[in-house]
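Undergrad: Pasting the sequence and the predicted model now:
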Amino acid sequence: MPEYVIEEFGHPPDLPTDPLSPAMQFALRVAFVDSVVLSTWDENQKLALAEIASSGDPRLAWIISDLMRFVPSEQLNTELTTAASALLGKEIRLDNSWGDLTDHLIAWDIPAPPEYLSYKRSIFTNIVPGWEHIFVEGDIDWRMVSWGGVLIDDRPYDTTDNGCNCIPAADNPQTSSAEDATWLQDDDVVFGISINGEHRAYPRRIMEVREMVNDTLGGRDLGIPYCTLCGVAQAYFTDGLPEGIERPILRTSGLLNRSNKVMYDLNTYSVFDTFLGHAVTGPLAEKGLQLDQATVITTDWGAWKAEYPDTTVLLERYALGRDPDFRNGRDANGPIFPIGDVDPRLPVHEDIIGVVTASGKPVAFQRSTALLALQRGDEIVVENVRLEITAGGIRAVGKDGSDLGSHQAFWFAWSQFHPDTELWQR
């Protein structure tokens, strides 16, 4: 375990490897299944929680963390926090009990208890029935999945003008010319995508409201997720797939994986690793579907339209009358959802340009340092990757100028999903 983890979180507790006894399985059902199904917390649940707390099995704290995320009662939250503290042998903060507990569990890599998914599924699906197709076995570490505070977007395709109690994706959004987009200011942040000579800007103001767009550009179908928490917009090709696979229609599940949005396919309910683009559950995971990425350039509207005067841009109405600015507001002091430990080579919210080389090596370039170097005329090359300034942003291209599917992101997100990443140094 890295020393920086020990410094921040302390030494992890001893871990049992024994299976759960029938008595403990019964206590878990009473405390964490019956309490949700019956919407009650009485003496039976309190006795079961006391038995769990006295077990000395830190693995059970994962289930406490899952229930804690939905608890509205301060008294119940205190009881759960006390039980978790007993299991971990460390006092968990009451003022941020769910976050503090989950951070410790992630940082220490506490394994899940036996039959963990069944307990977690019971908690989550009894609270939000739309998740019954989501919580299934697959190539996903369910310990890391938590609730983002919103419901699943399960509206049918191309009905995205209909409201929902969710983060509403936009399908086939209408666009205008740059000249007609008078509502945008030159310093507004946009995510620019170029496919086969066609260019389109996705304003951050819209993407912070929608977080998912299913679009067609340059004759190619795209799924474009934006995670406000990770500071990253990505573009995945959703056409040209193996025979027998219908175009995935990407939606926001309302769940998070280490503070990264969890997206799924509306047609099959297959869950994707949003940051890496491969299906991890459902029929698409069984077929081993990996989506290829197109480059997304994070820049400002003035620079983008100057570089590409023929660009199109999404209409203002897709912002739904809202003008959020999450980046400089709610998470200014660090990630607001649990992420465990973070690679200390850069600050958590440092912007990087991320790309994977031809040999499969993930590489992160500190954006501020790389931009200064490129503006001086320096060459930045790693293996087959070369950085260049385009429309005021940075993209990675191959030696022949080919698109390598790079994007900008916060360091904490890139380094968590690419833990073996190389960090470019001048």
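TA: Structure's in. What do you need?

Undergrad: In this structure Pro248 contacts Asn267, no?
TA: Yes - assessed by CB atoms under 8 Å, Pro248 is found in contact with Asn267 at 6.7 Å. C-beta: built from backbone N, CA, C; applies to glycine.

Undergrad: domains for this protein, by residue range?
TA: 3-127, 170-319, 341-423 (automatic domain parsing).

Undergrad: now the longest one, how far from the centre of its chain.
TA: Spelled out, it's domain 170-319. Mean-position distance between domain 170-319 and its chain equals 14 Å (CA atoms, centre = their mean, to the nearest Å).

Undergrad: Endpoints of it, how far apart?
TA: 10 Å (CA to CA, to the nearest Å).

Undergrad: just stretch 319-339 next, same as before
TA: Using CA to CA, the two ends of stretch 319-339 sit 29 Å apart.

Undergrad: which SS class is Trp304?
TA: Assigned with DSSP: H, G, I helix; E, B strand; the rest coil, Trp304 falls in the helix class.

Undergrad: what's the spacing between it and Trp424?
TA: Distance, Trp304 to Trp424, by CB to CB, to the nearest Å: 25 Å.

Undergrad: So for these two, which sits in the more crowded spot?
TA: Applying other CB atoms under 10 Å to Trp304 and Trp424 shows that Trp304 carries more neighbours, namely 30 against 19.

Undergrad: Is Ile134 in contact with Ile152, as I believe?
TA: Yes - look at Ile134 against Ile152 with CB under 8 Å: they come within range, at 7.4 Å.

Undergrad: Give the intersection of the neighbour lists for those two.
TA: Common neighbours of Ile134 and Ile152, using CB atoms under 8 Å, 6 or more residues apart in numbering, are Ser253.

Undergrad: got a list of what the residue nearest the centre of the chain touches?
TA: Nearest to the geometric centre of the chain sits Asn260, at 1.3 Å (CA atoms, centre = their mean). The contact partners of Asn260, by CB under 8 Å, 6+ apart, come to Cys227, Leu229, Cys230, Thr274, Phe275, Ala413, Gln416, Phe417.

Undergrad: which one among the residues you listed gets closest to Pro362?
TA: Among these, Phe417 lies closest to Pro362 (CB to CB), at 8.6 Å.

Undergrad: Could you give the backbone dihedrals for the residue nearest to the centre of the chain?
TA: Dihedral angles of Asn260 (phi, psi; degrees, to the nearest 10) stand at phi -110, psi 130.

Undergrad: gap between the nearest residue to Ala31 once chain neighbours are set aside and Glu74?
TA: Nearest residue to Ala31, sequence neighbours excluded (CB to CB, 6 or more residues apart in numbering): Ala48, at 4.0 Å. As judged by CB to CB, Ala48 and Glu74 stand 20 Å apart.

Undergrad: More neighbours: these two, which one.
TA: With neighbours defined as other CB under 10 Å, Ala48 and Glu74 compare such that Ala48 has more, 20 against 9.
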